[in-house]
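A.B. asks: only geometry, no sequence info:
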């Protein structure tokens, strides 16, 4: 196992020392024992790992686009990423009908777009029209579709929006955290021309992009940085009555390499990073905190975990005979038995991780079920399962093969430059080799990985897909077999499943059809305890069939420059800049 910390190769002994330091160190606790008064002004420098493919979050499923939407745009309601409570935002309040299907939202008076145009109910109706237009191919359509039908919207006046759900919805208004409201006066022409999906691409002049968020995009230098200025027309005020945001400017530097990112953070060249610390960065960050340079925050167990999966779409394998055993759940169960999760946690995350057997981690306290099928580490059991589906090491080369000589040998793509991905794939390769499964690791850039995932141009992937909300009904695109976020078996580009989230048949396996049925039922159930019971069955079915394999969930730590004030850390990305309008810097 190899990694890098400050340019030095980490050996097993150094990892053990770091692990001991980690376990013995005091827990970081809160950001500051006494919050200093935040004052207006100053510049904050952050890092991002990849350039944006689009400035339109409604058509871009990527971390950079999500971050930019939080900085420049607004939602009707938002989920506070620290408390995970629903909060009024562009809508200052709402009324709910007795049957829970109609929401009357009252928009904040006096809100304007960053170019001075008034924000009205017409912008909300326009945005909904845009995401439901099939030509847009919006990535949030499925989240805002109930039982295959869109949510109806009407505007009795400029400051009132009435949303009528076609069926009961468990999450209710939480679904609308996914909907970034975009300006009708800037994008209506593109929608009429059928080009809304390509509008506001990364080549769009920053001056053409307007929003209701705390910042406006001033400059984009591809591959280098984005510069955002304070939006003087932003509507929100702080608890102290100050006009937000506090900051005058945010600069986001593109730093794809995490070693370089850590060096810049320690040197004070950047104030905060896009994501949590790597496990091997903890010691250096703790030392920098003792020197007064950084603040270190313990976030808790992450709700998202690294995942390993094969593309289970038959068309992707075409005539590859290995699909005959890759598609067998016994093959994936053998992998789960072959992996020693305790060793995986120690070697990949320096012990700062907990074993898991599904996509819902203990960090998601409301929805996590501990009562799913677990796969104890047992290499002999793994070999027994492989032999049961005809895979044995017939030629003595250490790799199992079927009767026709087709080896269980696969190329795994992962994101280049991410330390725990590199260690995770290497650890997986080492452990699976003991069961006779061979992996070749191919790190590539994040953009290339996403492109290959969406086009089913891969055999296996090791990556961390991120959720937008802890409520599973807000992630239907992941769970439903028709979903565009259902990444292990993506629908064809021209499939109707891209346009309407209805379960596929007859190709959908029985167990996936059961998940489709259960997820549809729980999303339409209002009673929380009933929803949890249904979702426990979903997790049970998932764990039995293992379309995606999960091994550990990391404990998350975050570090930022000590001069930054007002950070409300989140276990979801971005851990700090989701709340950028309330962040200040010490002058």
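C.D. replies: Now that the structure is in, tell me what you want to look at. All values derive from a computational prediction rather than experimental measurement.
A.B. asks: need the contact list for residue 402.
C.D. replies: Listed by CB atoms under 8 Å, 6 or more residues apart in numbering, the contact set of residue 402 reads 321, 324-325, 390-391. Glycine gets a C-beta too; all of them are placed from N, C-alpha and C.
A.B. asks: Can you get me a residue count around residue 295?
C.D. replies: By other CB atoms under 10 Å, the residues close to residue 295 number 23.
A.B. asks: Okay, and the beta partners of it?
C.D. replies: With DSSP bridges applied, residue 295 shows beta-bridge pairing to residue 560.
A.B. asks: Just the pLDDT at the most centrally placed residue in the chain, thanks.
C.D. replies: Nearest to the geometric centre of the chain sits residue 466, at 1.8 Å (CA atoms, centre = their mean). Looking at residue 466, its pLDDT reads 83.
A.B. asks: what do you get for the one 10 residues further on?
C.D. replies: The predicted local distance difference test score for residue 476 is 87.
A.B. asks: same check, this time on residue 449
C.D. replies: 93.
A.B. asks: isn't it right next to residue 412, touching?
C.D. replies: No. Contact criterion CB atoms under 8 Å: residue 449 and residue 412 do not qualify, at 11.0 Å.
A.B. asks: what's near enough to touch the most far-flung residue of the chain relative to its centre?
C.D. replies: Residue farthest from the centre of the chain, counting by CA atoms, centre = their mean, is residue 395 at 42.7 Å. For residue 395, the contacting residues are residue 401, by CB under 8 Å, 6+ apart.
A.B. asks: about what we covered before: show me the common contact partners of residue 449 and residue 412, please.
C.D. replies: Common neighbours of residue 449 and residue 412 (CB under 8 Å, 6+ apart) are residue 461.
A.B. asks: Could you report the neighbour count for the nearest residue to residue 406 once chain neighbours are set aside?
C.D. replies: In this structure, residue 406 finds its nearest non-sequential neighbour in residue 321, 4.8 Å apart by CB to CB, 6 or more residues apart in numbering. Using other CB under 10 Å, residue 321 has 12 neighbouring residues.
A.B. asks: Over to residue 321. Which of the three states is it?
C.D. replies: Following DSSP: H, G, I helix; E, B strand; the rest coil, residue 321 is assigned to coil.
A.B. asks: Give me the distance between it and residue 529.
C.D. replies: The span separating residue 321 from residue 529 equals 47 Å under the rule CB to CB, to the nearest Å.
A.B. asks: And for residue 411?
C.D. replies: Per CB to CB, residue 411 is found 45 Å from residue 529.
A.B. asks: so residue 553 is in which element?
C.D. replies: Taking DSSP states H and E as the definition, residue 553 sits inside strand 552-561.
A.B. asks: So which elements touch that strand?
C.D. replies: Packing partners of strand 552-561 (3 or more CB pairs under 8 Å, 6 or more residues apart in numbering; DSSP states H and E): helix 258-267, helix 282-290, strand 294-301, helix 341-349, strand 353-355.
A.B. asks: The longest one: how far from the chain's middle?
C.D. replies: The one in question is helix 258-267. 23 Å (CA atoms, centre = their mean, to the nearest Å).
A.B. asks: re earlier: thought the residue nearest to the centre of the chain was touching residue 63?
C.D. replies: Yes. With contact defined as CB under 8 Å, residue 466 counts as touching residue 63 (7.0 Å).
A.B. asks: what touches both of those two?
C.D. replies: residue 573.
A.B. asks: residues in contact with stretch 366-379?
C.D. replies: 333, 336-343, 357-358, 360-362, 434-435, 470-472, 532, 535-536, 539-540, 542-544.
A.B. asks: in that stretch, what's buried?
C.D. replies: Of the residues in stretch 366-379, 367-369, 372-373, 375, 377-379 count as buried by neighbour count, 16 or more other CB atoms under 10 Å.
A.B. asks: Residue 413 belongs to a strand?
C.D. replies: Yes. With three-state DSSP as the criterion, residue 413 is located in a strand.
A.B. asks: how about whichever helix in the chain runs longest: buried residues?
C.D. replies: Criterion DSSP state H: the longest helix present in the chain is helix 528-545. Neighbour counts over helix 528-545 (16+ other CB under 10 Å) mark 531-532, 534-543, 545 as buried.
A.B. asks: helices or strands up against the next helix-or-strand element following that helix?
C.D. replies: Later in the chain than helix 528-545, the nearest helix or strand by DSSP H and E is strand 549-550. Under the contact criterion of 3+ CB pairs under 8 Å, 6+ apart, strand 549-550 touches strand 307-310, helix 329-338.
A.B. asks: Switch the ones you listed over to TSV; also include mean neighbour count and distance to residue 189.
C.D. replies: Shown next, in TSV, are these (neighbours: other CB atoms under 10 Å; distance: least, CB to CB, whole Å):
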stretch	mean neighbour count	distance to residue 189
strand 307-310	22	40
helix 329-338	22	49
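A.B. asks: Which of the ones you listed sits closest to residue 255?
C.D. replies: When the helices and strands packed on strand 549-550 are compared by CB to CB, strand 307-310 sits nearest residue 255, at 24.3 Å.
A.B. asks: any idea of the mean pLDDT for the closest one?
C.D. replies: Rounded mean pLDDT across strand 307-310 is 97.
A.B. asks: Against which helices or strands is that strand packed?
C.D. replies: Based on contacts counted as 3+ CB pairs under 8 Å, 6+ apart, the elements that strand 307-310 packs against are strand 460-463, strand 549-550.
A.B. asks: ok, now which ones touch residue 364?
C.D. replies: With CB under 8 Å, 6+ apart, residue 364 has these contacts: 303, 470.
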